[in-house]
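Asks: here is my input; please provide its structure:
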Amino acid sequence: MNLSDPITFIILAVVGAIAGFLNVLAGGGSALTIPIMIFLGYDATVANGSNRIAIQVEALSAVAAFKKQKHADFPLSLKLSLMTLPGGILGAFYAVKIDDALFTKILAVVMVLIIITLMFPKADVIQHAKNHKWKNWLSWPVMFAVGFYGGFIQAGVGFVIMSVLLHLYNMDLIKINMHKVFIVMVFTVPAVIVFIWTGNVDWFAAVALSIGMMFGTWFAVRMALEKGEKLVRIMLGVSLLIIAGKLLLL
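Replies: A predicted model of the protein is given here:
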C-alpha cells in the first residue's frame, strides 16, 4: 500500500478518532494506532514517533475541550505535570531504543495490575488514600515514575495516570481525566522533540492521526461530562481487559 495515498490517510484518521475517544475516556489508544501503522508498512519506531505527534495534538484538544466545558483546574494540573516532567525527559532519551518484545510484556503486566486495583471498592480506596501516612512524600517518586513511563513507553500511560490519581489524590474519574490530559500534554513534549530530532516522524501519518484524534477527543469529553463517571469506569475496564489479553498472547 502506498503510504501517502488518500486511502491510507482516511484509515489513519478513522483509527485516530477511535484512539482519541478511548484515550480520553480510558486509555490504550496507542495500542490500536501503532499496530495499525506497522500493519500498513510503517517502521515501528516511526510509527511510535508519528503517534507521539498525534498524542500531543490530542492532549491539547482535550485540555481545550475540558476548559470550554468549564472543567479545568490549571494550577493543580500544572503542579502534577511538573512532577512528571523530569521523568518524561529521562524516558524520552530511551524512547527510540526500546525493544518491542520487552515493551509489550511490560505493558501487559501493567494492564493486569491496574485491573486488579479497579476491583477494590472506591470508598475503601479513598479512605485508604486519606489515611496513608506516606502519601505526601510518596507522590513525588510515583509521579516521576509516571513521567518516565510516559516518556519511555507511552502506550497505556493513561491507565497508569488514572490509577495513581485515584489512589494518591482521592479524585473521581471525571477530574482524573481532566488532569490526565494536561499531564500527558506536558510530559509528551520531550518525547516529541526526541522523535523529531532523530528523524522518526512521518508527517503524513502524524497529520492524519492528529486530525482523527481531535474529533475523537472532543466527542469523548462531551460524553464523559454528560454520562459521568459510570461510563468512564466501564470504558476503562473494558479497554484494559481487551488490551491486556491481546498483549499477553504476543
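Asks: let me see the contact set for Pro181.
Replies: Quick fix: residue 181 reads Val, not Pro. Contact analysis of Val181 by C-beta atoms under 8 Å, 6 or more residues apart in numbering lists Val24, Glu58, Ala59, Ala62, Val63, Phe66. From N, CA and C alone the C-beta is placed, and that goes for glycine too.
Asks: contact partners for the first one?
Replies: The neighbours of Val24, taking C-beta under 8 Å, 6+ apart as the test, are Glu58, Ala62, Asn177, Val181, Gly216, Thr217, Ala220, Val221, Ala224.
Asks: recalculate using a threshold of 10 Å.
Replies: Going by C-beta atoms under 10 Å, 6 or more residues apart in numbering, Val24 touches 58-59, 61-62, 65-66, 158, 177-178, 180-181, 213, 216-224, 232, 235.
Asks: the fourth one too?
Replies: Going by C-beta under 10 Å, 6+ apart, Ala62 touches 20, 23-24, 177-178, 180-182, 184-185, 213-214, 216-218, 220-221, 224.
Asks: which of the contacts of Val181 fall in helices?
Replies: Using DSSP state H, the members of the contacts of Val181 that fall in helices are Val24, Glu58, Ala59, Ala62, Val63, Phe66.
Asks: show me which pair in the residues you listed is furthest apart.
Replies: Glu58 and Phe66 (12.5 Å; C-beta to C-beta).
Asks: overlap of the contact sets of those two?
Replies: With C-beta under 10 Å, 6+ apart as the test, Glu58 and Phe66 both reach Val24, Val181, Thr217.
Asks: number of residues surrounding the nearest residue to Phe148 once chain neighbours are set aside?
Replies: Once flanking residues are discounted, Phe148 sits nearest to Gly87: 3.6 Å by C-beta to C-beta, 6 or more residues apart in numbering. By other C-beta atoms under 10 Å, the residues close to Gly87 number 23.
Asks: and the helix or strand harbouring Gly87, how far out from the chain's middle?
Replies: Here Gly87, judged by DSSP states H and E, is contained in helix 74-94. How far helix 74-94 lies from its chain's middle: 13 Å, per C-alpha atoms, centre = their mean, to the nearest Å.
Asks: give me the average confidence score over that helix.
Replies: In this model, helix 74-94 has a mean pLDDT of 90.
Asks: in it, what counts as buried?
Replies: By neighbour count on 16 or more other C-beta atoms under 10 Å, the buried set for helix 74-94 is Ser77, Leu80, Ser81, Met83, Thr84, Leu85, Pro86, Gly87, Gly88, Ile89, Gly91, Ala92.
Asks: how about the contacts made by the closest residue to the fourth one other than its chain neighbours?
Replies: Looking back up the chat, that one is Met83. Among residues not flanking Met83 along the chain, Met143 sits closest, at 3.7 Å (C-beta to C-beta, 6+ apart). Met143 is in contact with 79-87, 161, 164-165, 168, 183, 187, counting by C-beta under 10 Å, 6+ apart.
Asks: quick one: what helix or strand has Met143 in it?
Replies: Met143 belongs to helix 135-152, assigned by DSSP H and E.
Asks: next, the angle helix 74-94 makes with that helix.
Replies: 50 degrees (axes from the mean of the first three to the mean of the last three C-alpha atoms, to 10 degrees).
Asks: got the CA coordinates for helix 135-152 in CSV?
Replies: Output of helix 135-152 as CSV, limited to C-alpha atoms (Å, rounded to 0.1, in the frame of the first residue of the first chain):
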residue,chain,number,x,y,z
LYS,A,135,1.1,9.9,50.8
ASN,A,136,2.8,13.3,50.7
TRP,A,137,6.4,12.2,50.1
LEU,A,138,5.3,9.1,48.0
SER,A,139,3.7,11.4,45.4
TRP,A,140,6.9,12.8,44.0
PRO,A,141,8.7,9.5,43.2
VAL,A,142,5.5,8.0,41.9
MET,A,143,4.8,10.9,39.6
PHE,A,144,8.4,10.8,38.4
ALA,A,145,7.9,7.2,37.5
VAL,A,146,4.7,8.0,35.7
GLY,A,147,6.6,10.6,33.7
PHE,A,148,9.4,8.2,32.9
TYR,A,149,6.9,5.5,31.8
GLY,A,150,5.1,8.1,29.6
GLY,A,151,8.2,9.4,28.0
PHE,A,152,9.7,5.9,27.5
